[in-house]
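In: coordinates only, no sequence provided:
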């Protein structure tokens, strides 16, 4: 299996909805189920319905041909590197760090890969004290403070006033619409693993998706991007590690038989819902709600996860699935 790093270089802001469904709220990342949904739409448009059905059948048979992470921020440059990649904090890890500014981790939603290695991976030179905490050096605390500032400046939430047509009065109804806007050199990246042929096919669909748009309010121009690729060796060694804990980089839906394996894990749950957007039918219905294990959760063992059937009752069309296959970054025991 090969790994690729795909960059989504924004051409416009992204509206990435939250569980509340409020249009004036926006998520900070593109979750793996959102990416997979967009990928399938582009796959069908580019290669046809039969090709998409064949692709999805492999997942249903328990042989996923492609695994993807959620999309997290990146920026060009930094530390002498071509790109700086950011990762979520391992769940519960903020309380393990001993800093002068104890609120600093809360102001830093993501960690650059360099500091992530230092704090949480082997060979960092850091060790836990007698109270189970890691004492961070003043130099690294200053680096963390710099990253908090960069994230605030590089990714911001823009809110604009738009309007919809009231079906009763036929008048304009104003509402607030928020989206993630990126400074020059910033964007989102995600990891994909599969056979080379599948990755090449996915690459074509992802390029088309950049024209179609990712996320919500695509009809207003949101969600456009250019597809680029990073160096997979940046993550290759980390993903091949064989350790006792695994941090989720995607949303995960554990099968019934897998749930016993969650003992000893630190997990967060995220409710996922939304409207069906099908190129084959113009009917508008809500998907079934699903609780997923969220990114940053630390599991005692890597769960395979599954595609979830979220087809609502009365839906006249094809099956609707939500992506819940696990993608993990191994951590030391």
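Out: Noted; the coordinates are in hand. No experiment lies behind these values; they were computed from the predicted model shown.

In: now the residue nearest in space to the middle of the chain: how far from residue 252?
Out: Within the chain, the residue whose C-alpha comes closest to the C-alpha centroid is residue 70; the distance, by C-alpha atoms, centre = their mean, is 2.1 Å. Between residue 70 and residue 252 the computed distance is 11 Å (C-beta to C-beta, to the nearest Å). All C-beta spots, glycine's among them, are computed from the backbone N, C-alpha and C.

In: list the contacts of the nearest residue to the residue nearest to the centre of the chain once chain neighbours are set aside.
Out: Spatial nearest neighbour of residue 70, chain neighbours left out: residue 32 (4.5 Å); criterion: C-beta to C-beta, 6 or more residues apart in numbering. Contacts here follow C-beta atoms under 8 Å, 6 or more residues apart in numbering; on that basis residue 32 touches 68-70, 190, 250-251, 323, 325, 327.

In: what is the nearest of these to residue 159?
Out: Closest approach between the contacts of residue 32 and residue 159, by C-beta to C-beta: residue 70, at 23.4 Å.

In: isn't residue 291 up against residue 271?
Out: Yes. Contact status for residue 291 versus residue 271: in contact at 5.8 Å, counting by C-beta atoms under 8 Å.

In: quick one, phi/psi of the residue nearest to residue 70?
Out: According to degrees, to the nearest 10, the main-chain angles of residue 32 amount to phi -60, psi -30.

In: rewinding a little: how about TSV for the contacts of residue 32, with secondary structure and distance to residue 153 added?
Out: Putting these into TSV (DSSP: H, G, I helix; E, B strand; the rest coil; distance: C-beta to C-beta, whole Å) gives the following:
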residue	secondary structure	distance to residue 153
68	strand	28
69	coil	25
70	coil	23
190	strand	23
250	coil	28
251	coil	28
323	coil	32
325	strand	34
327	coil	29
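
In: count of neighbours near residue 90?
Out: The tally of other residues near residue 90 (other C-beta atoms under 10 Å) stands at 21.

In: which pLDDT value goes with it?
Out: On pLDDT, residue 90 comes in at 91.

In: for it, give its distance to residue 242.
Out: Using C-beta to C-beta, we find residue 90 at a distance of 18 Å from residue 242.

In: which residues does the residue nearest to the centre of the chain contact?
Out: 29-32, 35, 190, 249-251, 295.

In: one more time with 6 Å, if that's ok
Out: Contact partners of residue 70, counting by C-beta atoms under 6 Å, 6 or more residues apart in numbering, are 29, 31-32, 250, 295.

In: and the furthest pair within those residues?
Out: In these, the most distant members under the criterion C-beta to C-beta are 29 and 250, with 10.6 Å between them.

In: where along the stretch 151-300 of the chain do the strands fall?
Out: Residue ranges of the strands in the stretch 151-300 of the chain, as given by DSSP state E, counting those that start in this stretch, are 155-165, 172-182, 186-194, 225-230, 245-248, 269-272, 290-293, 298-299.

In: residue 85 is nearest to which of the ones you listed?
Out: Of the strands of the stretch 151-300 of the chain, nearest to residue 85 by C-beta to C-beta is strand 186-194, at 6.2 Å.

In: quick one: average confidence on that closest one?
Out: pLDDT averaged over strand 186-194 equals 96, rounded to a whole number.

In: could you do stretch 12-19 as well?
Out: For stretch 12-19, the mean pLDDT works out to 74.

In: that older thread, for residue 58, state which of the contacts of residue 32 is nearest.
Out: For residue 58, the nearest member of these is residue 325. The distance, counting by C-beta to C-beta, is 11.3 Å.

In: tell me the pLDDT at the residue nearest to the centre of the chain?
Out: Residue-level confidence at residue 70 comes out at 97, pLDDT.

In: and it, how far is that from residue 198?
Out: Taking C-beta to C-beta as the measure, residue 70 and residue 198 are separated by 19 Å.

In: can you check residue 84 too?
Out: Taken as C-beta to C-beta, the spacing of residue 84 relative to residue 198 amounts to 28 Å.

In: please enumerate the strands of the stretch 1-150 of the chain.
Out: Across the stretch 1-150 of the chain, reading from the start of the chain, the strands by DSSP E, counting those that start in this stretch fall at 2-10, 66-68, 72-76, 83-88, 97-98, 110-112, 134-135.
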